[in-house]
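Novice: requesting a structural model of the entry that follows:
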Amino acid sequence: MVFKQNNPIPVKKSRKPKAKADPAKSPQEDKKKPAKGFEHLGDLFSHFELEDSGGYISQEFQDYGYRLAVELDDMKHKSLYIKLAKTEERGVLEQARSFVSDASTARSKARLFMWKIKQIKLEKKKK
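Specialist: A predicted model of the protein is given here:
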């Protein structure tokens, strides 16, 4: 026995047809983007640019000596500043560095820096 309905139930067709993949888009663009406020782990450090000078700085005193050489515009003698950062007291180097940064009319910042280190050492020796 087959029953026929006079009033069939209307079927809602609310589904939209699937869009075909755009050949211009790469497969990575089709992936879901992360929730707002989060980034992919691989993109976490993409905002930062690292300057790689090709050297191997592994200790803090090497970094400080290198930064001194850059600040004093004396890259030719950067090994000297690294040696000073390793052997001399940091307070002496900081005093000389601040003295040089205040002297804007110095012909050679490096010579003035070395002279000031000598003066500070003599003052400490007298005491």
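Novice: what helix or strand is residue 117 on?
Specialist: helix 109-126 (DSSP states H and E).
Novice: elements contacting that helix?
Specialist: helix 90-102 (3 or more C-beta pairs under 8 Å, 6 or more residues apart in numbering; DSSP states H and E). C-betas here are computed from N, CA, C, even on glycine.
Novice: which ones are touching residue 77?
Specialist: 69, 110 (C-beta atoms under 8 Å, 6 or more residues apart in numbering).
Novice: recalculate using a threshold of 10 Å.
Specialist: 68, 69, 83, 84, 110, 114 (C-beta atoms under 10 Å, 6 or more residues apart in numbering).
Novice: for it, which three-state class applies?
Specialist: Three-state call for residue 77 (DSSP: H, G, I helix; E, B strand; the rest coil): helix.
Novice: number the residues from 22 up from this point.
Specialist: With the count now opening at 22, the last piece we talked about shows up as residue 98.
Novice: what pLDDT does the model give it?
Specialist: Residue 98 carries a pLDDT value of 96.
Novice: the one 3 residues further on too?
Specialist: Taken from the predicted model, the pLDDT recorded for residue 101 is 97.
Novice: go ahead and confirm it touches residue 90.
Specialist: Yes - look at residue 101 against residue 90 with C-beta atoms under 10 Å: they come within range, at 8.0 Å.
Novice: mutual contacts of these two, please.
Specialist: In contact with both residue 101 and residue 90: residue 131, using C-beta under 10 Å, 6+ apart.
Novice: look at those two and report which has more neighbours.
Specialist: Higher neighbour count among residue 101 and residue 90: residue 90, with 21 against 15, using other C-beta atoms under 10 Å.
Novice: hang on, that one packs against residue 102?
Specialist: Yes - with contact defined as C-beta under 10 Å, residue 90 reaches residue 102; the gap is 4.6 Å.
Novice: list residues touching both of the two?
Specialist: In contact with both residue 90 and residue 102: 96, 131, using C-beta under 10 Å, 6+ apart.
Novice: could you dump stretch 137-148 to PDB, C-alpha only?
Specialist: What follows is stretch 137-148, C-alpha atoms only, in PDB (Å, rounded to 0.1, in the frame of the first residue of the first chain):
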ATOM      1  CA  LYS A 137      89.300  59.300  30.000                       C
ATOM      2  CA  ILE A 138      89.900  55.700  31.000                       C
ATOM      3  CA  LYS A 139      93.500  56.600  31.800                       C
ATOM      4  CA  GLN A 140      92.400  59.600  33.900                       C
ATOM      5  CA  ILE A 141      89.800  57.600  35.900                       C
ATOM      6  CA  LYS A 142      92.500  54.900  36.600                       C
ATOM      7  CA  LEU A 143      94.900  57.600  37.900                       C
ATOM      8  CA  GLU A 144      92.200  59.100  40.100                       C
ATOM      9  CA  LYS A 145      91.500  55.700  41.600                       C
ATOM     10  CA  LYS A 146      95.200  55.000  42.100                       C
ATOM     11  CA  LYS A 147      95.700  58.300  44.000                       C
ATOM     12  CA  LYS A 148      92.900  57.400  46.500                       C
END
